[in-house]
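Participant: Could you look at this predicted model? Sequence included:
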Amino acid sequence: MGIVENRIKDLGYELPAPVVPVANYVPAVLASTAGLVYTSGHVARKSDGAFIVGKLGADISVEDGYDAAKLCALDLIGTLKATIGELDRVTRIVKLLCMVNSTPDFGKHPLVANGASDFIVEVFGEKGSHSRSAIGVVDLPGGACIEIELIAEVTG
Amino acid sequence: MGIVENRIKDLGYELPAPVVPVANYVPAVLASTAGLVYTSGHVARKSDGAFIVGKLGADISVEDGYDAAKLCALDLIGTLKATIGELDRVTRIVKLLCMVNSTPDFGKHPLVANGASDFIVEVFGEKGSHSRSAIGVVDLPGGACIEIELIAEVTG
Amino acid sequence: MGIVENRIKDLGYELPAPVVPVANYVPAVLASTAGLVYTSGHVARKSDGAFIVGKLGADISVEDGYDAAKLCALDLIGTLKATIGELDRVTRIVKLLCMVNSTPDFGKHPLVANGASDFIVEVFGEKGSHSRSAIGVVDLPGGACIEIELIAEVTG
């Protein structure tokens, strides 16, 4: 088990098996010349696979949104591991696009997205220092409260 | 005519001429060091160029949205061809970002996005196996029902 | 001072200091193998740092949105400069994703996004010829009227 995976274990988390899309696409693609992995958008899920639903600003709190974003990040890391085999191949988490299911006057999207950003930095340290966009979207698949996609730079 | 273009013809489709933006941007850019083509967002259009408009969840059906996404993918492939000259240079369709014009409680964005994903895989085969995000946006240019952007890896 | 920075000065603008995120992320990341810089989403700000707020289609005009997008582009260029040191290293502005805070029936997102596209082309000339997506989002951090992220190809 590599350094990054050990840190995830030390933090008390277990890498989930990657979610298999039910349609004609895959969880992530490695563009090898560029050395970049592009993940699909991952919606927040509970450990039993059920979507964490709700619209920020209406029926789910910022705190619960933060926790959902963190679980989303854990899923994204699980997908990274399945795509490149060994998380220590990650040289940098390049970017997160955090799409928050929100009302038209929510405004606090960054506080929700922080759940993912904080966890990524906790797990990857300096290599986890990423760029990020946080936005409000009118709705998400199945009414999920957040969907995140990730770009990572890898080596080897 | 290359393998991919022949397959498009065999499927009964004709590659459209790329849509020329009416502002200060271009349909796609090849980042050559990375070997990646980034397209502009393409909104769904009929063969006469008119936008396919409507908001999913209100005034356009999932089936019509699926068909619109497929036409959008055809336009994106036309843009790829115009950008790199020969579609057989595509080594992988890396990612689709499918932005669906929807109501706040639509939820079925993946079923619409499948119109693009299914077509991309039909045309490119294994090289068409892509990552994808499907989200709901509050509105799109001209009230279009869907806008899609694509990243492709190319060689040569 | 390089060619690009001189042009910005000649146009009558001054590069702002990059906005330092107040959370666990950074303004931009250079993925060096790919030679690509990915910026965080930048929301439109006045020179005093206050967000330019409002929802297009309701309480801010297309003209003011255009100007906000232009200021956003100026901020993005400031971030690019801080990330790569010298703007003449930019070989191509690859892509803009322009997310416009809008009502469900605004439709004129490209007219707002043009504020950024026009300025980027004015500053970078042919190297500024970029791909672009313009979409409507239901809300943005702090109620900002527009948020833009940028991908640039760099050398050296």
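Facilitator: All right, it came through fine.
Participant: Which residues of chain A lie near chain B?
Facilitator: Contacts of chain A with chain B, taken as CB under 8 Å from any CB of the partner chain, map to A:21-29, A:31-34, A:36, A:38-41, A:55, A:97, A:99, A:101, A:104, A:137-143, A:147, A:149. In this view, the C-beta of every residue, glycine as well, is placed from N, C-alpha and C.
Participant: Of the residues you listed, keep whichever come out buried.
Facilitator: A:24-29, A:31, A:33-34, A:36, A:38-41, A:55, A:97, A:99, A:101, A:104, A:137-141, A:143, A:147, A:149 (16 or more other CB atoms under 10 Å in any protein chain shown).
Participant: In space, what's closest to residue A:54 - neighbours in sequence excluded?
Facilitator: Spatial nearest neighbour of residue A:54, chain neighbours left out: residue A:60 (3.1 Å); criterion: CB to CB, 6 or more residues apart in numbering or on different chains.
Participant: In terms of pLDDT, where does the one you found sit?
Facilitator: On pLDDT, residue A:60 comes in at 98.
Participant: show me the contacts for it.
Facilitator: A:52, A:53, A:54, A:68, A:145 (CB atoms under 8 Å, 6 or more residues apart in numbering or on different chains).
Participant: Can you name the residue of chain A nearest to chain B?
Facilitator: In chain A, the residue that lies nearest chain B is residue A:41 (3.0 Å; CB to the nearest CB).
Participant: measure that residue to residue A:156 for me?
Facilitator: 26 Å (CB to CB, to the nearest Å).
Participant: do the same with residue A:90
Facilitator: 10 Å.
Participant: Specify which residue of these two has the higher count of neighbours.
Facilitator: residue A:90 (23 against 9; other CB atoms under 10 Å in any protein chain shown).
Participant: ok now the lengthiest strand in chain A, how far from the chain's centre?
Facilitator: Longest strand in chain A by number of residues (criterion: DSSP state E): strand A:90-101. Relative to its chain's centre, strand A:90-101 lies at 7 Å (CA atoms, centre = their mean, to the nearest Å).
Participant: Can you tell me the centre-most residue of chain A?
Facilitator: residue A:73 (2.9 Å; CA atoms, centre = their mean).
Participant: Any stretches of chain A with poor pLDDT?
Facilitator: For chain A, no stretch has pLDDT under 70.
Participant: how about the residues of it that lie near chain C?
Facilitator: A:33-36, A:57, A:92, A:94-96, A:102-110, A:113-114, A:117-118, A:120-121, A:129-138, A:151, A:153, A:155.
Participant: Contact partners for residue A:138?
Facilitator: Taking CB under 8 Å, 6+ apart as the test, what residue A:138 contacts is A:101, B:102, B:103, B:104, B:136, B:137, B:138, C:104, C:137, C:138.
Participant: quick one: which of the residues you listed is nearest residue A:80?
Facilitator: Ranked by distance to residue A:80 (CB to CB), the contacts of residue A:138 are led by residue A:101 at 23.7 Å.
Participant: Would you check how far apart that closest one and residue A:141 are?
Facilitator: Taken as CB to CB, the span from residue A:101 to residue A:141 is 10 Å.
Participant: Need the residues touching each of the two.
Facilitator: Shared contacts of residue A:101 and residue A:141 (CB under 8 Å, 6+ apart): residue A:147.
Participant: Which parts of chain A are strands?
Facilitator: Using DSSP E, strands in chain A cover A:28-31, A:36-39, A:42-43, A:90-101, A:131-137, A:146-154.
Participant: quick revisit: in TSV: the contacts of residue A:138, plus distance to residue C:4.
Facilitator: As requested, the contacts of residue A:138 are exported to TSV (distance: CB to CB, whole Å):
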residue	distance to residue C:4
A:101	39
B:102	40
B:103	44
B:104	42
B:136	38
B:137	33
B:138	35
C:104	39
C:137	30
C:138	35
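Participant: bridging residues for the closest residue to chain C within chain A?
Facilitator: Nearest to chain C, among the residues of chain A, is residue A:133, at 3.1 Å (CB to the nearest CB). Beta bridges link residue A:133 to residue A:97, judged by DSSP bridges.
Participant: burial count for residue A:75?
Facilitator: 23.
Participant: Number of residues surrounding the closest residue in space to it that isn't next to it in sequence?
Facilitator: Spatially, and ignoring its direct neighbours in sequence, residue A:75 is nearest to residue A:42 (4.8 Å; CB to CB, 6+ apart). Number of residues near residue A:42 (other CB under 10 Å) recorded here: 26.
Participant: where's residue A:69 relative to residue B:102, distance?
Facilitator: Counting by CB to CB - residue A:69 and residue B:102 are separated by 22 Å.
Participant: and residue A:150, what is it in contact with?
Facilitator: A:37, A:39, A:42, A:76, A:80, A:93, A:95, A:96, A:97.
Participant: Report the beta-bridge partners for it.
Facilitator: With DSSP bridges as the criterion, residue A:150 is bridged to residue A:96.
Participant: Quick check, residue A:144 in contact with residue A:101.
Facilitator: Yes: the criterion here is CB atoms under 8 Å, and residue A:144 meets it with residue A:101 at 6.4 Å.
Participant: Contact partners for the nearest residue to residue A:3 once chain neighbours are set aside?
Facilitator: Spatial nearest neighbour of residue A:3, excluding adjacent residues (CB to CB, 6+ apart): residue A:88 at 5.5 Å. Neighbouring residues of residue A:88 by CB under 8 Å, 6+ apart: A:2, A:3, A:4.
Participant: Residue A:81 now?
Facilitator: A:5, A:15, A:18, A:87.
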